[in-house]
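**Student:** need a structure here:
(chains A and B)
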Amino acid sequence: MSWFEKFLNKVADYRQPLRPPGAINEKDFLQHCIRCRRCVEICPYQSIKVVKSGLGKKSGTPVIIPRQEPCYLCMKCPPECPTDALQPIVQKEQVRMGVAKINQDTCLPYMGIICRACYERCPIYTEAIILKDEIYPVVVEEKCVGCGICENVCPNEEPSIVVIKREN
Amino acid sequence: MGLKKSKMLSLLFRKRRLIQIGSLIFLIVIPLLNLLNLEVVTGNYYSLRIWKIEFVDPLFALQHLLLTLKFNWQLLMGISIPLLIAFLGGKLFCSFICPYNLLAEWLQKILPAKKTNVFKVNAKRYWAVLIGWIILTVIAGFPILYFVSMPGQIGVFLGDLIFLKVMGVESLMILAVLGIDVVFLKRIWCRELCPVGALLQRFHWNYGLKINYNEIDCVCSTDEIDSPCVQRCPVYLNPKSDLLYPACFNCGECVKECYYYGEALKIKFIKDITNFEPNFKQRKEEQTINKEEA
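**Tutor:** I've put the predicted structure just below:
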């Protein structure tokens, strides 16, 4: 693989994998996680998938792909983890998986079409996503937990609201 | 009481294949139960939870400790039962639970070949391999032994296939190791290389469950290769030699075979270590001298 291809792959894979709720920062997570899949199996919605990257460092670790299935914040996985890769969290408001970002160039309300899909489905209702002037959705970054439900329900083919992993 | 214990032991070893198959089926049942949202058991042989009892592979607890330098009480609780079994019975996990060993033994049955050699495992070399694996983890900076822990890999292959319906390239490790190991290298993986078994063997008590050879009762060939017990051993060891441990995983096959001959081999808790060293070489020399005299 040439350096250029590697660069292209990196650009295409710019989003860090979204870890299950309670996950510690990415560098420590890769050391703590023993790839046992117990969080994957306990998830009642099958939201947690597994990274399949051959013999790579991230192979076998849990990941949430919001466009396929977002996290519904049932909080079953953190106590299931045998290591401390997932810190036990009880309240969904404390989760800091990621933070949603809105692309105002493609978001429907910003283009003049009324849409409240993300606002209505947000589990931190009326706090994490607020409506500016009763029309435009805005993410409150301090309150957003990064569950990805908004990304999942966005009616656009390429979601206008995406969850980026928080760097903590 | 003593009789009862030995009866239970013999029953356990007679039902070994049944327990092995049960362990493989268990790995298929876990993801099926979880698909139905029944949360009684989760995990596989990396880490397992049955109801509220935790099990963790000691190798992964050790890797976690080395990589994070933090004690974790949940992991410590998880390794207590595996370590207790290893303390009393050595690598019983390998012979009774490990699905890789089951597959390898079946493959050996499909490709039957008369054994032409046995292997002597040098204890120092055995522990050096384990230390090498652990150094590799520290260099890699993540639990890299995830890829070479065969019981776990088989578990996650079945789990991911049934639960998420995906397959990964790393599962080819199972086929690669199985093929090379059984067909070309005569079970070297289980005998010397596997880090999971080696770490369990490290905790084997000197007075724990061991194959005991009583020379006086030995009736069949004294030849190293031709004895029925040697032919039966799945990992190409000589049960009559004093170099059996740390490679032997206490499957009890040689004991079952010897039952039809002199009952010279027994599996039991060793009371006196000095009893445990047969003068195999000396006896062989005496025999050759007798032959020459005749």
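**Student:** Can you show me the strands along the stretch 101-250 of chain B?
**Tutor:** Assigned strands in the stretch 101-250 of chain B, in chain order: B:209-213 (criterion: DSSP state E, counting those that start in this stretch).
**Student:** need the residues of chain B near chain A, please.
**Tutor:** B:30-31, B:34, B:37, B:39, B:42-44, B:46-47, B:49, B:54, B:56, B:60, B:63-64, B:67-68, B:70, B:72, B:74-75, B:78, B:140-143, B:146-147, B:152, B:156, B:159-160, B:163-164, B:166-170 (Cβ under 8 Å from any Cβ of the partner chain). C-beta coordinates here come from the backbone N, C-alpha and C atoms, glycine included.
**Student:** which of these are buried?
**Tutor:** B:30-31, B:34, B:42-44, B:46-47, B:49, B:54, B:56, B:60, B:63-64, B:67-68, B:72, B:75, B:78, B:142-143, B:146-147, B:152, B:156, B:159-160, B:163-164, B:168, B:170 (16 or more other Cβ atoms under 10 Å in any protein chain shown).
**Student:** Domain-wise, how is chain A divided?
**Tutor:** A:3-92, A:93-165 (automatic domain parsing).
**Student:** distance between the ends of the longest one?
**Tutor:** This means domain A:3-92. 42 Å (Cα to Cα, to the nearest Å).
**Student:** Can I get stretch A:53-63 in PDB, CA atoms only?
**Tutor:** Output of stretch A:53-63 as PDB, limited to C-alpha atoms (Å, rounded to 0.1, in the frame of the first residue of the first chain):
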ATOM      1  CA  SER A  53      -9.700  -5.200  11.200                       C
ATOM      2  CA  GLY A  54      -7.700  -8.400  10.900                       C
ATOM      3  CA  LEU A  55      -4.700  -8.500  13.100                       C
ATOM      4  CA  GLY A  56      -4.900  -4.800  13.900                       C
ATOM      5  CA  LYS A  57      -4.700  -3.200  17.300                       C
ATOM      6  CA  LYS A  58      -8.400  -2.300  17.300                       C
ATOM      7  CA  SER A  59      -9.600  -5.800  16.100                       C
ATOM      8  CA  GLY A  60     -12.200  -7.300  18.300                       C
ATOM      9  CA  THR A  61     -13.100  -4.100  20.200                       C
ATOM     10  CA  PRO A  62     -16.700  -3.000  20.600                       C
ATOM     11  CA  VAL A  63     -18.000  -0.100  18.400                       C
END
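**Student:** Can you mark which positions in that stretch are buried?
**Tutor:** Applying 16+ other Cβ under 10 Å to stretch A:53-63 flags A:58-63 as buried.
**Student:** Ok, stretch B:112-121 next?
**Tutor:** Applying 16+ other Cβ under 10 Å to stretch B:112-121 flags B:118-119, B:121 as buried.
**Student:** Out of the buried ones among the residues of chain B next to chain A, list just those in helices.
**Tutor:** Of these, the ones assigned to helices by DSSP state H are B:30-31, B:34, B:60, B:63-64, B:67-68, B:75, B:78, B:152, B:156, B:159.
**Student:** out of the buried residues of stretch B:112-121, who's nearest B:A264?
**Tutor:** Nearest to B:A264, judged by Cβ to Cβ, of the buried residues of stretch B:112-121 is B:V118 at 17.0 Å.
**Student:** Can you lay out the buried residues of stretch A:53-63 as a markdown table showing pLDDT, secondary structure and distance to chain B?
**Tutor:** What follows is these, written out as a markdown table (pLDDT from 0 to 100; DSSP: H, G, I helix; E, B strand; the rest coil; distance: Cβ to the nearest Cβ, whole Å):
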| residue | pLDDT | secondary structure | distance to chain B |
| --- | --- | --- | --- |
| A:K58 | 90 | coil | 9 |
| A:S59 | 90 | coil | 6 |
| A:G60 | 92 | coil | 6 |
| A:T61 | 94 | coil | 9 |
| A:P62 | 95 | strand | 11 |
| A:V63 | 94 | strand | 11 |
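**Student:** Can you tell me which of those is nearest B:P239?
**Tutor:** A:G60 (37.9 Å).
**Student:** Tell me who's in contact with the closest one.
**Tutor:** Contacts here follow Cβ atoms under 8 Å, 6 or more residues apart in numbering or on different chains; on that basis A:G60 touches A:35, A:37, A:50-51, B:146, B:156, B:168, B:170.
**Student:** would you turn the buried residues of stretch A:53-63 into a markdown table with distance to A:K76?
**Tutor:** As requested, the buried residues of stretch A:53-63 are exported to a markdown table (distance: Cβ to Cβ, whole Å):
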| residue | distance to A:K76 |
| --- | --- |
| A:K58 | 23 |
| A:S59 | 24 |
| A:G60 | 20 |
| A:T61 | 18 |
| A:P62 | 13 |
| A:V63 | 17 |
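**Student:** Could you grab the helix/strand/coil label for B:I19?
**Tutor:** Of the three states, B:I19 takes helix under DSSP: H, G, I helix; E, B strand; the rest coil.
**Student:** Distance of it relative to B:V29?
**Tutor:** Between B:I19 and B:V29 the computed distance is 15 Å (Cβ to Cβ, to the nearest Å).
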